[in-house]
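Participant: Pasting a predicted model and its sequence here:
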Amino acid sequence: MNVSDFDFELPESLIAQTPLKERTSSRLLVLHRENGLTEHRSFTDLKSYLKPGDTLVLNDTRVLPARLFGVKADTGAKAEVLLLKRLEADRWEALVKPGKRIRKGTELHFGSDENGKPLLVAEVEEEGELGARTIAFRYEGIFHELLDKLGHMPLPPYIKETLDDRDRYQTVYAAHEGSAAAPTAGLHFTEPFLDELAQYGVKLCRITLHVGLGTFRPVSADTIEEHEMHAEWYSVSDESARLLNDAKASGGRIVAVGTTSARTLESIGQRFAPGQIEACSGWTDIFIYPGYKFTMVDAMLTNFHLPRSTLVMLISALAGREAVLAAYAEAVDRQYRFFSFGDAMFIT
């Protein structure tokens, strides 16, 4: 299947640059898988499409302030590092800019104390493809405190505006730090709305997938079968495994909030028999595209994604490519907001 099969016209003006003032005030496009029909609603109308006994699966990863701006120690030239994944201790997988000038052995400095001494020193240990590097840090104090002081939220390159409030790029249920990007479908929820859904009878299930390198890499192959996803770490607790098993046993729907939740659910669905999920953790590089048969996900809440992206391919596997592209054409025509800070879509 060609990557171009998932292309569509998206005016740049529809890529949302800033979050709405109220998280729940976004629009909601509802796509019915059975017949391809769409409805145009508000996000809080999601409740009317959920049923008591449904299980809403939330990715509770927390985004690191993982973008660091510093200088090369030898020349003072500006340098940028985006932390993607902790490898061990103070070694990280990262992306660097400018990639051609930050080679193995390069030392980078970030911040400075009252004596002009850098607060963080990084040395490039290994070089990978397309700006990927393995970096080792040296510092005094606590790394995460320094990162919180020096780091910036790693907004996607399509967002040009600065973000005044860091918390607007975190879900309200974010708990476990480790992501290089937010699971953005969850940005629409507030704690009161989640409480309202729980009181209505919707079960809330939290799992973790730390979003990594794949989020920042476009599909460069001509056919989707040639594309390789980068591995991301996930974790499912005893309580979450019980909730998922209960959902299967009772006939309730499992509703993934976002593609990251969907990928985690399908990863554990491949690991365990239906209804026999156990607490687990590990790495997944699952790539879901049309032809894939879902074993765990019955419905999905998602944002509007970019053309030719693996995310459009995933939702096309669930709802059908033609139905998804037709719904996206409607969204463009009706001026929906796309991408991380954009509007939402419910596939039911």
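Facilitator: Looks like it arrived, so ask away.

Participant: got a list of what Ala344 touches?
Facilitator: Shown in contact with Ala344 (Cβ atoms under 8 Å, 6 or more residues apart in numbering): Ser26, Arg27, Leu28, Leu29, Phe43, Leu46, Ala185, His188, Leu301, Thr302, Asn303. Quick note: C-beta positions are derived from backbone N, CA and C, even for glycine.

Participant: Kindly list the main-chain dihedrals of the last one?
Facilitator: The main-chain torsion angles of Asn303 are listed as degrees, to the nearest 10 and equal phi -90, psi -180.

Participant: any low-confidence regions in the stretch 51-200 of the chain?
Facilitator: For the stretch 51-200 of the chain, no stretch has pLDDT under 70.

Participant: mind running it again at 90?
Facilitator: For the stretch 51-200 of the chain, residues meeting the criterion pLDDT under 90 lie at 84-89, 99-100, 128-132, 154-166, 180.

Participant: need the helices for it, in chain order.
Facilitator: 143-150, 191-200 (DSSP state H, counting those that start in this stretch).

Participant: These into JSON lines, with extra columns for mean neighbour count and distance to Leu64?
Facilitator: Shown next, in JSON lines, are the helices of the stretch 51-200 of the chain (neighbours: other Cβ atoms under 10 Å; distance: least, Cβ to Cβ, whole Å):
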{"stretch": "helix 143-150", "mean neighbour count": "14", "distance to Leu64": "7"}
{"stretch": "helix 191-200", "mean neighbour count": "13", "distance to Leu64": "22"}
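
Participant: CSV for the ones you listed, including distance to His230?
Facilitator: Listed next are the helices of the stretch 51-200 of the chain as CSV, based on distance: least, Cβ to Cβ, whole Å:
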stretch, distance to His230
helix 143-150, 22
helix 191-200, 30
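
Participant: Among those, which comes closest to Phe272?
Facilitator: Phe272 lies closest to helix 191-200 among the helices of the stretch 51-200 of the chain, at 25.8 Å (Cβ to Cβ).

Participant: C-terminal to the closest one, which secondary structure element comes first?
Facilitator: Remark: after helix 191-200, the chain's next helix or strand is strand 203-209, criterion DSSP states H and E.

Participant: which helices and strands sit right next to the following helix or strand past that following strand?
Facilitator: Counting by DSSP H and E, the next helix or strand C-terminal to strand 203-209 is strand 232-236. When contacts are defined as 3 or more Cβ pairs under 8 Å, 6 or more residues apart in numbering; DSSP states H and E, strand 232-236 packs onto strand 203-209, helix 259-271, strand 280-284.

Participant: Just say which of these is most tucked in.
Facilitator: Most buried of the helices and strands packed on strand 232-236 by mean neighbour count (mean count of other Cβ atoms under 10 Å) is helix 259-271; its value is a mean of 24.

Participant: check contacts around Thr44.
Facilitator: Here Thr44 is in contact with Thr24, Phe193 (Cβ under 8 Å, 6+ apart).
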